[in-house]
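Engineer: Fold the following for me, if possible:
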Amino acid sequence: MPARNVVKTYVKDGFYHVYNRGVEKRNIFLDEQDYHVFLNILKEALLSPSELAKTKKLVSFKGVTFKGVMKPPKNFFGKIELLAYSLMPNHFHILLKQCDERSMHQFLQSICTRYVIYFNKKYKRVGALFQNAYKATLISDEPYLLHLSRYIHRNPLKYTEDLRNAYSSYGEYLGIRKTEWIKPVLILSFFHPGKLPFLKHINSYQKFVEYENKKETSIEWYLDGSITLEDDDE
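Structural biologist: Next up is the predicted model:
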């Protein structure tokens with residue numbers, strides 16, 4: 001069972017709920033461009049180097065424009081698998097697997113640093129943007145992993161009723177989008193018949209996320225309400 005996060009525990013092949021928010025709960029995404037830049041940072045960190053090499057941008061040199069490959073940022077393909085995410089105006093959630101013992105720390109440090117540099121330059125500010133380096137809770141049980149994916153995909157309900165078009169990985173889980181660096185297969189596999197007994201009355205991930213379940217079929221009832229998420233007061 002995940003405990004309220006105080007000290008990070010790093011394990012190989014561990015699953016983590018990672019979250020962070022703006023300093024003093026300030027917004028970290030002020031317009032659509034900000035969301036897209038953060039997602040592009042994730043893409044460049046997680047996409048395979050061979051796919052990144054195909055990404056070419058227009059470069060001008062001495063009046064001549066041609067397609068060139070930008071210097072690649074630090075890449076974590078094969079080290080980090082991103083299962084789910086959601087971005088809200090003042091915080092973000094990521095559900096990930098780290099394939100070795102310390103890759104998560106390097107990954108979060110890299111993407112947050114890159115975003116802060118972008119944000120501060122764009123808005124002509126200096127100093128910290130995030131309240132902390134990041135917070136991470138180790139997840140050891142499948143029911144909690146499933147619960148967290150639901151929690152993450154429902155989080156945008158605080159700001160919109162349109163979960164499908166929120167800044168989250170929910171579209172990938174519904175098959176609306178296919179994004180190579182997002183890995184929904186493990187979570188979706190829980191809905192195979194007989195995989196998890198308490199899901200026997202829930203036949204789709206969409207129903208699991210969007211509909212309020214009766215007490216006897218809800219994962220909250222199965223977990224006996226014992227899960228605590230540190231950012232519930234955001």
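
Engineer: tell me the helices in this structure, going along the chain?
Structural biologist: 32-46, 49-52, 103-123, 142-154, 170-174, 185-189, 205-210, 219-222 (DSSP state H).

Engineer: Tell me the buried residues in the fourth one?
Structural biologist: In this case it means helix 142-154. Judged by neighbour count (16 or more other CB atoms under 10 Å), helix 142-154 contains these buried residues: 143, 144, 145, 146, 147, 148, 149, 150, 151, 152, 153, 154. In short, each C-beta sits where N, CA and C put it, glycine included.

Engineer: The third one now?
Structural biologist: Buried residues in helix 103-123, counted by 16+ other CB under 10 Å: 103-104, 106-108, 110-112, 114-116, 118-119.

Engineer: Make CSV out of the residues you listed and add pLDDT and distance to residue 185.
Structural biologist: Below are those laid out as CSV (pLDDT from 0 to 100; distance: CB to CB, whole Å):
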residue, pLDDT, distance to residue 185
103, 93, 20
104, 95, 20
106, 94, 24
107, 96, 20
108, 96, 23
110, 95, 25
111, 97, 23
112, 96, 27
114, 96, 27
115, 97, 27
116, 97, 32
118, 97, 31
119, 97, 32
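
Engineer: Closest to residue 176 out of those residues?
Structural biologist: Nearest to residue 176 among the buried residues of helix 103-123 is residue 111, at 24.3 Å by CB to CB.

Engineer: before we move on, back to that, would JSON lines of the buried residues of helix 142-154 with distance to residue 89 be doable?
Structural biologist: Shown next, in JSON lines, are the buried residues of helix 142-154 (distance: CB to CB, whole Å):
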{"residue": "143", "distance to residue 89": "30"}
{"residue": "144", "distance to residue 89": "26"}
{"residue": "145", "distance to residue 89": "26"}
{"residue": "146", "distance to residue 89": "26"}
{"residue": "147", "distance to residue 89": "24"}
{"residue": "148", "distance to residue 89": "21"}
{"residue": "149", "distance to residue 89": "21"}
{"residue": "150", "distance to residue 89": "21"}
{"residue": "151", "distance to residue 89": "18"}
{"residue": "152", "distance to residue 89": "16"}
{"residue": "153", "distance to residue 89": "17"}
{"residue": "154", "distance to residue 89": "16"}
